[in-house]
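Engineer: the following comprises the amino acid sequence and a computationally predicted model.
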Amino acid sequence: MDDKKIVSIEDRIPKLKQARKKKANRRLVFYLSIFFFLISIIVYLQSPLSYIKTIEVTGNTFLTDEEVIEISELQTNTNIWTINKEEIAEQMKDNPIVESAEVNRILPRTVEISLKEFEHVGYVEEENSYSPILRNGNILESMNQSNPNGDAPILIGFTETEYLERLANELAELPDSISNLISEIHWSPAEENRDKLLLYMNDGFLVDGTIRNFAEKMEVYPSIAGQLDEEEKGIIHIGVGAYFESFNEPPNEDDAVNEDSGSDSNEDTDNE
């Protein structure tokens with residue numbers, strides 16, 4: 001005879017009912033949780049709790065925080081989830097100072113605007129004052145000052161925008177270590193070469209150069225200047241080849257310091 005315990009259906013029914021009840025209760029709690037969660041989201045989105053409280057601006061030098069916020073058209077009574085980040089970034093780029101922009105939400109109630117402004121490459125002399133010029137050629141006339149800060153060269157005599165913009169772009173490619181050596185850059189166009197430049201260096205030397213390939217050609221300056229006596233005064237030519245011309249005596253082949261042996265002598269007629 002089988003000794004296995006036989007459980008009657010009457011004994012099992014209460015346990016089945018209890019298990020079904022627990023399962024139903026869990027399901028009810030789950031659905032109620034979702035319901036109240038959705039209600040909470042709706043209440044949050046419709047309440048001031050979702051409004052922008054703080055607008056943070058980073059990366060700006062020439063533009064003030066207030067100017068950036070004004071351009072973005074963001075307000076503290078704006079719902080943080082209704083802002084169009086890409087549209088605001090494009091609005092920021094419409095400003096001639098701004099190269100790129102990025103807008104991010106920082107929960108719960110902060111919006112961050114990160115800017116990259118065009119690089120400051122020099123100062124333009126205008127009626128006894130100096131205005132910063134950016135690498136894209138834009139002159140910040142609203143920020144002119146009586147004296148430059150000495151953190152970038154002064155550009156003098158540029159009466160044509162095309163040549164000023166080209167030089168600004170070249171200066172942006174110049175390493176800071178060389179740019180910091182330049183005091184003034186004078187545009188001195190000649191009939192045969194309208195790109196002609198004359199540079200006054202902080203170490204006392206003059207440089208005769210051109211706008212065309214300016215950044216590339218100026219890379220030889222430190223090595224040339226480093227071979228010269230500090231007491232020696234003269235002009236360093238970097239147009240065709242590179243050599244030094246002393247003010248004390250006429251140049252000859254023995255005095256020339258040639259650092260650009262690979263250059264093409266026909267490369268730089270520099271006629272437009």
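Structural biologist: Perfect, thanks for sending it.

Engineer: so what touches stretch 48-64?
Structural biologist: Contacts with stretch 48-64, where a contact means CB atoms under 8 Å, 6 or more residues apart in numbering, come from 44, 65, 68-69, 71-72, 74-81, 83, 95, 97-98, 106, 108-117, 120, 132, 140, 143. The C-beta positions use only the backbone N, C-alpha and C, and glycine is treated the same way.

Engineer: switch the cut-off to 6 Å
Structural biologist: Under the criterion CB atoms under 6 Å, 6 or more residues apart in numbering, residues 44, 65, 68-69, 74, 76-80, 97, 109-117 lie in contact with stretch 48-64.

Engineer: and residue 117, how close does it get to residue 99?
Structural biologist: Using CB to CB, to the nearest Å, we find residue 117 at a distance of 6 Å from residue 99.

Engineer: is residue 244 located within a strand, as I assumed?
Structural biologist: Yes: membership of residue 244 in a strand is supported by DSSP: H, G, I helix; E, B strand; the rest coil.

Engineer: specify the beta-bridge partners of it.
Structural biologist: With DSSP bridges as the criterion, residue 244 is bridged to residue 236.

Engineer: got a pLDDT number for it?
Structural biologist: Residue 244 carries a pLDDT value of 87.

Engineer: the nearest residue to residue 228 once chain neighbours are set aside: neighbouring residues, count only.
Structural biologist: The shortest distance from residue 228 to any non-neighbouring residue, by CB to CB, 6 or more residues apart in numbering, is to residue 244 (6.2 Å). Residues near residue 244, counting by other CB atoms under 10 Å, number 20.

Engineer: and residue 131, what does it touch?
Structural biologist: Applying CB under 6 Å, 6+ apart, the residues near residue 131 are 124, 139-141, 144.

Engineer: from memory the residue nearest to residue 228 sits against residue 235, does it?
Structural biologist: No: look at residue 244 against residue 235 with CB atoms under 6 Å: they stay out of range, at 7.5 Å.

Engineer: and the pLDDT at residue 239?
Structural biologist: Value for residue 239, per-residue pLDDT: 77.

Engineer: element containing it, please.
Structural biologist: Using DSSP states H and E, residue 239 sits in no helix or strand.

Engineer: so of the contacts of stretch 48-64, which ones are in strands?
Structural biologist: 110-117 (DSSP state E).

Engineer: can you redo these as JSON lines with pLDDT and neighbour count?
Structural biologist: Output for the ones in strands among the contacts of stretch 48-64, formatted as JSON lines (pLDDT from 0 to 100; neighbours: other CB atoms under 10 Å):
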{"residue": "110", "pLDDT": "95", "neighbour count": "14"}
{"residue": "111", "pLDDT": "96", "neighbour count": "23"}
{"residue": "112", "pLDDT": "97", "neighbour count": "14"}
{"residue": "113", "pLDDT": "97", "neighbour count": "24"}
{"residue": "114", "pLDDT": "97", "neighbour count": "16"}
{"residue": "115", "pLDDT": "96", "neighbour count": "22"}
{"residue": "116", "pLDDT": "96", "neighbour count": "15"}
{"residue": "117", "pLDDT": "95", "neighbour count": "19"}
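
Engineer: for stretch 193-210, give me every contacting residue.
Structural biologist: 181-186, 188-190, 211-212, 235-239, 270, 272.

Engineer: pLDDT weak spots in the stretch 1-150 of the chain?
Structural biologist: 1-13, 15-16 (pLDDT under 70).

Engineer: what's the spacing between the residue lying closest to residue 157 once chain neighbours are set aside and residue 211?
Structural biologist: Of all residues not flanking residue 157 in the chain, residue 187 sits nearest, at 4.5 Å (CB to CB, 6+ apart). Going from residue 187 to residue 211 by CB to CB gives 8 Å.

Engineer: the two: which is more packed in?
Structural biologist: Using other CB under 10 Å, the more surrounded residue of residue 187 and residue 211 is residue 211, with 25 against 19.
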